[in-house]
Every structure is written in structure tokens, then in C-alpha cells.
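**Student:** Quick check, what structure comes out for this input:
(2 chains)
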Amino acid sequence: MAKYIGKRLLYMLISLWLIVTATFFFMRMAPGNPFTSEKQLPPEIEANLNAHYGLDQPWYVQYGEYLLRILKWDFGPSFKYKSQTVNDLISEGFPVSFLLGLEAIFLAVAIGVLLGIIAALKHNKWQDYTAMIVAVLGISVPSFIMASFLQYFLAIKWGIFPVARWEGFMYTVLPALALASTPMAFIARLTRSSMLEVLANDYIKTAKSKGLSSGAITVKHAIRNAMLPVVTYMGPLTASILTGSFVIERIFGLPGLGAHFVTSISNRDYTVIMGVTVFYSILLLVSILLVDIAYGIIDPRIKLAGGKKGE
Amino acid sequence: MEISKDKFKVVGTQLEDAEKISKPSLSFWKDVFVRFRKNKLALFGLVLLAILIFMAIFGPMMTEYDYKQNDLANKNQAPSSEHWFGTDDLGRDVFTRTWEGARISIFIGVAAALIDLCIGVIWGGIAGYKGGRTDEFMMRFADILYGIPYLLLVILLMVVLGQGLGTMILAMTITGWINMSRIVRGQVLSLKNQEYVLAAKTLGANTTRIMGKHLIPNAMGPILVTMTLTVPSAIFTEAFLSFLGLGLTPPLASWGTMANDGLPALRYYPWRLFFPAIFICLTIFAFNVVGDGLRDALDPRLRK
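**Tutor:** Here you go, the predicted model:
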């Protein structure tokens, strides 16, 4: 186990280093310097600005300093908004994104698992077909389209929910639903197929023949084992919720980190793009690692030591 | 309970009958086709796909409008007999633009899938066939690349490389091929120790011939499924990027850019968002359903 975690940690660090390095060089290659969009600056001022941000140093010095700063959890200043650092942006926007993400994960898992279980228990009946059509639709409708449909019908047309902004629980429902729709569909399909597999096992037959009710069998024996693939999906789920938040927060005008990220992209605010990308990557890689470790603990049948990364 | 003997009768065993082939013999792909045809949802997806492709080819010709022709006197018109899907904020015909967008979206999807296929088959094929250290090294490399969050990398690349069709396909395929290479590697690993490969080797076939004639054709099923499922994810990525303002440059129309343009006007001119949005969903749906159907049809465990 320790060996496995060590190996995974090593790969994670290499991936992270690649991302940090790639972002650094990409941003150097990117067209224009951070100050080009403003009015033509006198050369002295530009030299001063460059010195202030360390841009007059050779690239290897800048690169080294950048790596050191990331190690110290400092993602640097924003070039567009002089008084703000990337850390400020993260501490301001991330709580909103985090809350929204948690709500979406909860929705996706709860509804997805429920749909999947119903579909498996009513295999090849209309409940199964309905649940699976809902799931295929959920997979086929991108989150930003789901968001605009929800916003148009439930908020603008029928006025059930507020249209936009972030002022209370009611404001979170639509964005969370939109974020949850695709992963929910994936989870429903996963749960269904793993439930079907589990239900065909001998120990289910045993439970049935010793006279357990089908409810007890489902709850006590089937669901626990059927949940394992869903646990592995938690990593991609985090990724999907996270990237989904870019557009969803924009559509609903939420002050989250995803919205800040999109703004920084259209502003070409390179340091913010860099910092937030690195932050997101750390977040994602760590959560995927945690999920994999958790999986090994939950399912004793899996021997992690010789195992390879989940496919 | 008494069971009388007259309820039974000897049927007899006839050896010839036992050996008789009851079903007509089918080649592998015929068999797949027969099973695919039974899957109504997949068949529906295929028909839908055919319609979408037909419209992508002929749709823009059905109207008298051009996709980039402005008509400021008729901007933001609701759908009517003049403009079937209405017009946008520059008076451009949404129907024409939708099918023009279909061309671009489907092109991006298919191009990304084909490039993924080429790189993935070569990389995964070599790794799986050579095995040992080569395999270890090549797959570790793929693992590390795979660790990088896909959409973040694509966004980053689009920011650096600038917007456009070519850069978008490049950005998508830079890590997109990894999935395909894993599938191919797995297939090659399981196929390369089969007797017919040994026979081919004994007959003096070289590696290229064994790969091209024996291994890859036998791995075609999973490769095809992966390809079909890559297309919708590429279409999704295109729409997503365009929606972030990182997509194609105007006046080019893709479904993503049209949806992005339509979003601010959602309250008053919903059709500007709805038409492209619905066709994004339909296309992704059709490819997904066909891919799922193919996977089920290819899975020998599901054979009845």
C-alpha cells in the first residue's frame, strides 16, 4: 500500500511539474506582453514595470522563482488588477465554487445512484428503459446547454427560481442541477450495470433462498458492492464539476473561481490563467489520488501494490 | 405424486441432428450487423446521424441566404416562413448558420477522432507488440500526460496558440490520443500470443505485416467503438471552448459560437441559442447511441 501510494505520488508530482512548466513556457510564448493592451507606455515606465514583476530577469531565473513560489503556495500577482493577487482571487472565489460543487456532487450521486438502482431492479421493464433514456439524454446535453435551458424555462419563463446571482440557497439550485446533469447520467449507467452484475452473483441467490426480502437484499448485499465503480468515478466527477463550473458560473453570474478564470482568459490576464490552472490541477490530481486510495481501502479484493492506474 | 410412465416418450438421439448447424454461418461483421440492427435506439441514432449529415451537406443550399450575409434591417427576427430558424443580431439567417455550423462541428469531431486513431494505433500498437521496457516507457509517458487535466490543457493551448480551426483540433488531439492508445495496447497484448500470430511469424512475416494484417484488423471492434465515442466528446469540447470565447473567429459559425452569441439574448430571442443547442445535443446523442450500440453488438457475451 505504502509503495503504491509512493509511486502514485511520484507520478502526480511529475504531472504537476509538467503542468507548471508547460504553463510557464506557454505564457511566455503567448502573444503580447501583459502590458500591451494598455496605452503606449513610456519605455522607462515599462522597464520599471518589468523590473517590478521580475520580467527583466533571464527566463531560467524567472522559472526558478516561479517554481519556488508555487511550492510556497503563492500564485503571484494579477497583471490586470494591480491590487489583486491570484491567491486573493482563489480565497474569494473558491468558497463559492466549492459550495456549488459539493451541492452538485451530492445531487449527481444521490439521483444517479437512485436511478441506476431502480433501472437494475426493474431490468428490461419500462422503468429501466425510462431511466436509461434519461441517462443517455443527460450525457448528450452539455452542462452549459442544460444551464441555459433551465435558466430560460424555470427562471425566466416560469419564475420558479431566481435567474442569476448568489444570494441564498434558492440561487444555488439551478446551477447545481445543471452541473450535476451529465455526471448524474454517468453514475446512473454505472450503477445500473454494476448492480446487474452484482445481482447475478451467487451470494444474492443465497440471500434470497434464506428468505430475505428483496428490499433487504438490495440494501444489505447488493448496493454495497455495486457502489464500488461509482467510487472510482468520483475522480472524473470532480474534474467534470470543476470544468463545468467555468461556464455555469458565467451563465448564472456567480462570483466563483470558474467565472474569474473565464474573465481572466478573455482579459488575457496571463498570471491569473497560470495560477488558476496550476491550482485546479493540484486540486484535481489530489482528489483523484484520494479517490484511488479510498477505493483500495473500501474494496479489500483489490491489491494496490502491483496495480496500475485506473483505466 | 404418482407420475405415470405414459407421460414420457423416448425422443431418441440422432447423431446427425446433434451435429447439424442450425444457424446460417455468419462472418464476424455480419453477426455484429445483425445484432446492431436489433438495437432500436442505436438504429434510431444511425438514422438521426444520416439526417444530420445530409442536412450539413445540403442545408446551407436550401435557403437563399449566405451564412455570413448581414441584413441589419431584419435582425433578431423570430422564426418565420422567411427565416425558418429566425435571424441573429446581425440579421444573419440562423437556419443557414446552423447547418454551416454542423459542417464545422462534425468536421472537428471526425478530424479529432481520425488523428487520435492514427497516433493511438501506432503508439499503443508498438507499446503492446514490443512489450517489456519499450511498453513500460511508452505507457508511463502516456500515464503522465493523462494525469494532466484535459480541458485545462486544451484551454491553455487555445490561449497560447490563438483561436482557429487548426489550433483547436491540435489542442484536442495533444492528449486525446491516449485513450485510443490504451485500448489498442490492451488488444494487441491479448492478441499477440495467439497461434495465428505465431504462424505468421513462422512463415516469415515482418512486424509491419503482422500488425497491419493480423493485429489491428482483429482489434477493429474496440477501436471503432472508441472512435465513435471520441466524436461526440470532441464536438462537446468545441462547443465548450467556443462558449468560453476561445473557439472559432467570426464570421465562421460553429454551434458553440452560435450558442455563445445567443446566450446574452436568451431572455428576448431564445431561438438564437435554442437551435444550435438542440443540434449539439442531437448530434452528441446520435453518436453516443450508435457507439453504445456498436459496443453491445461487438460484445460476444451479449450474443444470444
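**Student:** immediately after the helix or strand where B:Thr208 lies, which helix or strand?
**Tutor:** For B:Thr208, the element it lies in under DSSP states H and E is helix B:207-209. Along the chain past helix B:207-209, the next helix or strand (assigned with DSSP H and E) turns out to be helix B:216-218.
**Student:** could you dump the very next helix or strand once past that following helix to PDB, C-alpha only?
**Tutor:** Toward the C-terminus, helix B:216-218 is succeeded by helix B:220-243 as the next helix or strand (DSSP H and E). Output in PDB follows, covering the C-alpha atoms of helix B:220-243 (Å, rounded to 0.1, in the frame of the first residue of the first chain):
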ATOM      1  CA  MET B 220     -11.000  -3.200 -35.000                       C
ATOM      2  CA  GLY B 221     -14.100  -3.600 -32.900                       C
ATOM      3  CA  PRO B 222     -12.900  -1.700 -29.800                       C
ATOM      4  CA  ILE B 223     -11.100   0.800 -32.000                       C
ATOM      5  CA  LEU B 224     -14.300   1.600 -33.800                       C
ATOM      6  CA  VAL B 225     -16.300   2.000 -30.600                       C
ATOM      7  CA  THR B 226     -13.600   4.300 -29.200                       C
ATOM      8  CA  MET B 227     -13.600   6.300 -32.400                       C
ATOM      9  CA  THR B 228     -17.400   6.700 -32.400                       C
ATOM     10  CA  LEU B 229     -17.300   7.900 -28.800                       C
ATOM     11  CA  THR B 230     -14.500  10.300 -29.400                       C
ATOM     12  CA  VAL B 231     -16.500  12.200 -32.000                       C
ATOM     13  CA  PRO B 232     -19.200  13.500 -29.600                       C
ATOM     14  CA  SER B 233     -16.600  14.400 -26.900                       C
ATOM     15  CA  ALA B 234     -14.700  16.400 -29.500                       C
ATOM     16  CA  ILE B 235     -17.900  18.100 -30.600                       C
ATOM     17  CA  PHE B 236     -18.600  18.900 -26.900                       C
ATOM     18  CA  THR B 237     -15.200  20.300 -26.400                       C
ATOM     19  CA  GLU B 238     -15.500  22.500 -29.400                       C
ATOM     20  CA  ALA B 239     -18.800  23.800 -28.200                       C
ATOM     21  CA  PHE B 240     -17.400  24.300 -24.700                       C
ATOM     22  CA  LEU B 241     -14.400  26.200 -25.900                       C
ATOM     23  CA  SER B 242     -16.400  28.400 -28.200                       C
ATOM     24  CA  PHE B 243     -18.800  29.000 -25.400                       C
END
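**Student:** Show me what the mean pLDDT comes to for the helix holding B:Thr208.
**Tutor:** Helix B:207-209 shows a mean pLDDT of 84.
**Student:** Which neighbouring elements make contact with that helix?
**Tutor:** With contacts taken as 3 or more Cβ pairs under 8 Å, 6 or more residues apart in numbering or on different chains; DSSP states H and E, helix B:207-209 sits against no other helix or strand. For glycine as for every other residue, the C-beta is placed from the backbone atoms N, C-alpha and C.
**Student:** which outside residues touch that helix?
**Tutor:** Here helix B:207-209 makes contact (Cβ atoms under 8 Å, 6 or more residues apart in numbering or on different chains) with B:129, B:200.
**Student:** buried ones in that helix?
**Tutor:** Within helix B:207-209, no residue counts as buried by 16 or more other Cβ atoms under 10 Å in any protein chain shown.
**Student:** Kindly report the same for stretch A:243-253.
**Tutor:** Result for stretch A:243-253 [16+ other Cβ under 10 Å]: buried residues A:243-252.
**Student:** can you put those residues in TSV and add secondary structure and distance to chain B?
**Tutor:** Converted to TSV, those look like this (DSSP: H, G, I helix; E, B strand; the rest coil; distance: Cβ to the nearest Cβ, whole Å):
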residue	secondary structure	distance to chain B
A:Thr243	helix	4
A:Gly244	helix	9
A:Ser245	helix	11
A:Phe246	helix	6
A:Val247	helix	6
A:Ile248	helix	11
A:Glu249	helix	11
A:Arg250	helix	8
A:Ile251	helix	7
A:Phe252	coil	11
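**Student:** ok, now which ones touch the residue most central in space within chain B?
**Tutor:** Closest to where the C-alpha atoms of chain B average out (Cα atoms, centre = their mean) is B:Thr228, at 2.5 Å. Listed by Cβ under 8 Å, 6+ apart, the contact set of B:Thr228 reads B:113, B:287, B:290-291, B:294.
**Student:** Of those residues, keep whichever come out buried.
**Tutor:** B:113, B:287, B:290-291, B:294.
**Student:** Which one of the residues you listed is nearest to A:Gly159?
**Tutor:** B:Phe287 (35.9 Å; Cβ to Cβ).
**Student:** What is the least confident helix or strand in the chain?
**Tutor:** You didn't say which chain, so I picked chain A. Using mean pLDDT, DSSP states H and E, the weakest-scoring helix or strand in chain A turns out to be helix A:43-52, at a mean of 73.
**Student:** let's do chain B instead
**Tutor:** When the helices and strands of chain B are scored by mean pLDDT, DSSP H and E, helix B:15-19 comes last with a mean of 68.
**Student:** how about stretch A:174-188, does it get close to chain B?
**Tutor:** No. If you take Cβ under 8 Å from any Cβ of the partner chain as the test, stretch A:174-188 misses chain B, and the best it gets is 9.3 Å.
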